[in-house]
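> prediction below, plus the sequence it came from.
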Amino acid sequence: MTIGLRRTITNITLFAALAVPAASIYGQIPAGSSARDIPTAVQQAEDQVQKVIVKAEDHFRKGKLNLEDNKRDQARDEFDRAVDSILESGLDVRASQRLQGFYLELVERIYREEVPLGRAPVQANVSELVAQNGVAPQKSDPPQVGFSEQKFEPSPLDELSKLQLTQAEQDVSEADVLALEQAKQNVNFAFSTHPLVQQYINYYQGRGRATMESGLRRSGQYMKMARQIFKEEGVPVDVTWLGQVESAWKPKAMSWAAASGLWQFIPGTGRQYGLRQTAWLDERNSFEQATRASAKYLKDLANRYHGNWELAMAAYNTGAGNIDRAISRTGTANFWAIYPYIAQETRNYVPNILATILIAKNPEKYGFKGIRPEPAMAYDRVQVANATSLQLVAEATDTSVDHIRSLNPELRRDVTPRGEAYTVRVPGGKGQQFHAILKRIPAERRETARLISVVPGEDLQNVANRAGVSVAQLQAMNTGVDLKSTNKVVVPNSSLRLSSWRRAKPGTTETVSAGLNKIRARKGDTIARIAAARNLDANEVARLNGVTPETELRAGQEIRLPATTGAAPSRRR
């Protein structure tokens, strides 16, 4: 990963769980030192920590001064340098309780300086907002709706950094190493075989099997895109499997060091490679932008180390400065030569990626049979001119807010950026439908407007009653639209009554059912299977849940079903 600063640092308990002291600091005591030398070595380490803290504090102080002068770009640069001065110091942050405590506090302070609190401006103190944003809110600003922040997931790198291989996993024969030599011929970049690579293959064949299986499945969503971008940028396409070790293919993954996204960028490196980070969005969590930035960064690192992809990947994880220092100590630009002089996480990182690549290239050979990658993500792109709520996007495209979030993971809020054009992703095949509906809604109303469905035969008064407005207001908000023929109407968010209307069948006294039913999926379930058991339209159920009909569901996953009176109950539940 590119070790990084993250914004959702408030979940501080995640860091506490990782605060396990390491066995030693980088500057280990030389062999043959006497007991009398130990205090001197410890003191030297403390002196190093103090120097790093002083340097970081100086950058933070300069960042605050720039922020007070409304020089936001310069402030961000200084904040980035404050964090980088720790992460690239050559010290193991978690080996020093003092340094780790300072680092966590620093990240929290920077987060509070740079990112506005998740609340509506109308409820916030004006001076507080000026400090956060550099500008006071205008009275004409509409209220912020759907302004909750998106959630993050722990990065698999956290567990990787602490992983200790068992004796059985370390059992590697000469035949195993020879088999690695044969297997690496199928990989499209050169690397050295080493018993440690086989040890990680052993790990994934045993207690790490679930992790590997999950990654092989999820990779299907992003691999086609990643391979195309890596190829365009001149990076071997097999290096794309770095994404599985970085994030397990989760765009909202976050590591202990606050690195973010599929490719785990820090803010400074992200900005260096064109990834925007504002109070509204963080492109480190995007699909295409972050993938291209990752490919460019990896290519630059490979050029730095004359085409050595093992060193490039190691530098991607720990920073080029740390790799350069390790090379200086050994005098050899070879990963296995510098292995004793790099952090434990990076020691685990490179052989782990190589093991992942070998398994992914031939899963059945290593015992991973019948793993079906998930379908590639399908979406259309539509540009919106101003802030548009994701709730509106979901209603206009017949899907859920959760699905729209998953298509736009770079958005920090449930609304697109205010005051600028933004290209929002919508479910595949829904682009024209969304664009047509969007044209009916003035740009200044898209942050607060909602849509409700109109059932054929429903009269305008009934629609108006459900919307909490008069017929005249309903007509005014849908100027130029034939309300008798449309299936969706625009209504104000504030007065919407969350109910639905369905015409009863002729000749019956059927009671109209409103809302949704919810069930829990069982292992191996798909939307298609659940829908078939209840005589429901699989595509409609899939849209409600933001997945494809054939996607395998997690055991216990909550599934929403349209409430009907005619659906046959499942005998399985």
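Thanks, I have it. Numbering: from 1, shown residues only.
> so the nearest residue in space to Asn308 that is not next to it in sequence, which of the three states?
Spatial nearest neighbour of Asn308, chain neighbours left out: Ala333 (6.4 Å); criterion: Cβ to Cβ, 6 or more residues apart in numbering. Heads up, the C-betas are built off the backbone N, CA and C, glycines and all. Under DSSP: H, G, I helix; E, B strand; the rest coil, Ala333 falls in the coil class.
> and the pLDDT at Ala333?
In this model, Ala333 is scored at 96, pLDDT.
> residues near it, how many?
Ala333 is flanked by 17 other residues according to other Cβ atoms under 10 Å.
> gap between it and Ala449?
59 Å (Cβ to Cβ, to the nearest Å).
> what does Phe434 give?
13 Å.
> same thing with Asp324?
Look at Asp324 and Ala449: by Cβ to Cβ, they are 54 Å apart.
> need the contact list for Ala531.
537-538, 540-541, 549 (Cβ atoms under 8 Å, 6 or more residues apart in numbering).
> look up how far His194 lies from the residue nearest to Asn308.
16 Å.
> how about Ser214?
According to Cβ to Cβ, Ser214 and His194 sit 26 Å apart.
> and the strands in the stretch 201-350 of the chain?
In the stretch 201-350 of the chain, the strands defined using DSSP state E, counting those that start in this stretch lie at 253-254.
> could you do the chain as well?
153-154, 253-254, 379-384, 422-427, 449-453, 488-492, 516-520, 558-562 (DSSP state E).
> show residues contacting the third one.
It stands for strand 379-384. Here strand 379-384 makes contact (Cβ under 8 Å, 6+ apart) with 407, 416, 421-432, 434-435, 438, 446.
> report the mean per-residue pLDDT for stretch 255-266.
Here stretch 255-266 scores 82 as its mean pLDDT.
> export that stretch as PDB, just CAs?
This file holds the C-alpha atoms of stretch 255-266, laid out as PDB (Å, rounded to 0.1, in the frame of the first residue of the first chain):
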ATOM      1  CA  SER A 255      -5.600   0.400   6.900                       C
ATOM      2  CA  TRP A 256      -4.200   1.100  10.400                       C
ATOM      3  CA  ALA A 257      -2.100   3.900   9.000                       C
ATOM      4  CA  ALA A 258      -5.200   5.500   7.400                       C
ATOM      5  CA  ALA A 259      -4.500   4.600   3.800                       C
ATOM      6  CA  SER A 260      -7.700   4.500   1.600                       C
ATOM      7  CA  GLY A 261      -9.300   2.800  -1.300                       C
ATOM      8  CA  LEU A 262      -8.700  -0.100  -3.600                       C
ATOM      9  CA  TRP A 263      -5.000   1.000  -3.900                       C
ATOM     10  CA  GLN A 264      -4.500   2.500  -0.500                       C
ATOM     11  CA  PHE A 265      -3.200   6.000  -1.200                       C
ATOM     12  CA  ILE A 266      -2.200   8.700   1.200                       C
END
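> okay, the closest residue in space to Val187 that isn't next to it in sequence: pLDDT?
Sequence neighbours aside, Asp238 is the residue nearest to Val187 in space, at 5.2 Å (criterion: Cβ to Cβ, 6+ apart). pLDDT, Asp238: 98.
> between Asp324 and Ala449, point out the one with more neighbours.
Neighbour tally, Asp324 and Ala449, criterion other Cβ under 10 Å: the higher count belongs to Ala449, 23 against 16.
> picking up where we left off before, pull the contacting residues for the residue nearest to Asn308.
Listed by Cβ under 8 Å, 6+ apart, the contact partners of Ala333 are 305-306, 308, 311, 327.
> run the last query once more with 7 Å
Contact partners of Ala333, counting by Cβ atoms under 7 Å, 6 or more residues apart in numbering, are 305, 308, 311, 327.
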